[in-house]
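Peer 1: sequence-free structure coming up:
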């Protein structure tokens, strides 16, 4: 019997939203495609602090430019940064619309004020789900256990009632450790296959 309290919880980038590959991001800034840089790209201190609103966009751009000695002004950097968010993946909005007829839906994304403008405006993510949790708005970021507890509390459920889909293994492992139901998927096709296997589609 289906748990009526269950909430299907989705990551955005890599699951519902298309984002530029890291090698493309680096190349667009003229940076080398080094494995060490790729590995730490989105976990650098100033990036994490931007995604939890500990620093604003001005401080982020200044620290970004200084970190890599970029020959860009802040405006040019932010234009590149915004362009890395490529839009909704084909079938993503339709999948959410289909699911919402029978299930509670929410999204949980590590994001920032620059990318959120398009995610919430042009892509209208908040209109497709019951609640949209953005890291920079709640001050918490995956895979911090506190973010999952926050989501559960805001939705009025227990962690075990959350059915989570993300493309990042570390985020999935953190969710599983809290008793959540969690699956790693990449892209809409893989997401739909998993949802169908689980009986949600």
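Peer 2: Okay, I see it. Since the structure is predicted, the reported quantities are computational estimates derived from the model, not experimental observations. Residues are numbered from 1 along each chain as shown.
Peer 1: how distant is stretch 20-36 from the center of its chain?
Peer 2: On the basis of CA atoms, centre = their mean, to the nearest Å, stretch 20-36 sits 19 Å off its chain's mean C-alpha point.
Peer 1: also stretch 18-33?
Peer 2: How far stretch 18-33 lies from its chain's middle: 18 Å, per CA atoms, centre = their mean.
Peer 1: in that stretch, what counts as buried?
Peer 2: 18-20, 25-26, 29, 31 (16 or more other CB atoms under 10 Å). Just so you know, the C-beta spots here come from the backbone N, C-alpha and C atoms, and that holds for glycine as well.
Peer 1: can you give me the helices for this protein?
Peer 2: 22-28, 35-40, 45-51, 57-68, 74-83, 92-100, 113-120, 125-128, 135-138, 145-155, 169-177, 187-197 (DSSP state H).
Peer 1: so which of the ones you listed gets nearest residue 162?
Peer 2: With respect to residue 162, and counting by CB to CB, the nearest of the helices of the chain is helix 145-155 at 6.0 Å.
Peer 1: between the closest one and helix 169-177, how big is the angle?
Peer 2: 60 degrees (axes from the mean of the first three to the mean of the last three CA atoms, to 10 degrees).
Peer 1: pull the helix or strand with minimum mean pLDDT from this protein.
Peer 2: Among the helices and strands of the chain, helix 35-40 carries the lowest confidence by mean pLDDT, DSSP states H and E, at a mean of 70.
Peer 1: nearest to residue 106, out of the helices of the chain?
Peer 2: Nearest of these (CB to CB): helix 145-155, 6.3 Å.
Peer 1: which strands or helices does that closest one pack on?
Peer 2: Packing partners of helix 145-155 (3 or more CB pairs under 8 Å, 6 or more residues apart in numbering; DSSP states H and E): strand 104-109, strand 131-134, helix 135-138, strand 162-166, helix 169-177.
Peer 1: dump these into a markdown table; add mean neighbour count and distance to residue 151 as well.
Peer 2: Below are the helices and strands packed on helix 145-155 laid out as a markdown table (neighbours: other CB atoms under 10 Å; distance: least, CB to CB, whole Å):
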| stretch | mean neighbour count | distance to residue 151 |
| --- | --- | --- |
| strand 104-109 | 23 | 6 |
| strand 131-134 | 20 | 6 |
| helix 135-138 | 19 | 8 |
| strand 162-166 | 25 | 7 |
| helix 169-177 | 17 | 10 |
